[in-house]
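*Asks:* sequence and predicted structure below; questions after.
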Amino acid sequence: MQASYSANITTADGVLIEVPLSKEAVAVDDGVVSINRFQFPVVRMDGGKGVAFGFEVHFREGARPVAITVDDVSDAPIMNVFVDNAPVLGKNNTWRALSPAHDKSDVLIKWMMTLDNTVQVYRFTVKLQDGKTHVLRYPIFAPAQMKTYMRTQIGAS
């Protein structure tokens with residue numbers, strides 16, 4: 001049996017969240033909206049490579065998003081990562097999006113440039129066609145080794 005560890009973090013918007021200290025993806029689901037995937041793909045950009053934010057969010061049958069906003073609420077100030085004011089659902093009621101690439105000097109990925117372990121929390125605000133708003137927070141534990149790999153991939157180490 002392997003031990004599991006977590007840390008309690010207070011986000012910049014004042015919410016206490018438990019973050020598993022594991023490399024495994026976290027399941028975030030409120031019964032209507034489910035964050036299936038949150039990734040940091042390395043992509044080509046002018047002058048080299050950068051990091052994008054990739055999202056995959058599933059919606060319960062009948063739920064139709066009219067706006068999706070992703071913010072980094074790890075620290076103050078809260079920073080906007082991505083906005084889709086006309087989300088389109090694909091196969092299996094799933095929304096997929098990829099942000100523009102960010103280079104190593106961009107404030108949105110500055111945490112990848114540090115040498116120690118990091119915890120990041122991203123807030124997904126989803127407005128549905130029925131007028132309801134769903135807010136989910138997606139925690140990410142980024143071990144130092146992962147960050148070293150990412151820096152190497154974008155030429156920042």
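*Replies:* Looks like it arrived, so ask away.

*Asks:* how about the strands in the protein?
*Replies:* For the chain, the strands defined by DSSP state E occupy 6-10, 16-20, 28-29, 33-39, 42-45, 48-51, 54-59, 65-72, 79-84, 94-98, 118-128, 133-142.

*Asks:* buried sites along the second one?
*Replies:* Neighbour-count burial for strand 16-20, with 16 or more other Cβ atoms under 10 Å as criterion, is recorded at 17, 19, 20. C-beta here means a position set from N, CA and C on the backbone, and glycine is covered the same way.

*Asks:* for the chain, give me the ranges with low pLDDT.
*Replies:* The model of the chain has pLDDT under 70 over residues 1-3.

*Asks:* one more time with 90
*Replies:* Residue ranges of the chain with pLDDT under 90: 1-7, 19-27, 45-48, 155-157.

*Asks:* pretty sure residue 59 is touching residue 31, no?
*Replies:* No - if you go by Cβ atoms under 8 Å, residue 59 and residue 31 don't touch, sitting 10.9 Å apart.

*Asks:* before we move on, the earlier item: okay, the strands of the chain in CSV with distance to residue 104 next?
*Replies:* Shown next, in CSV, are the strands of the chain (distance: least, Cβ to Cβ, whole Å):
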stretch, distance to residue 104
strand 6-10, 25
strand 16-20, 25
strand 28-29, 28
strand 33-39, 18
strand 42-45, 11
strand 48-51, 8
strand 54-59, 18
strand 65-72, 17
strand 79-84, 16
strand 94-98, 19
strand 118-128, 15
strand 133-142, 15
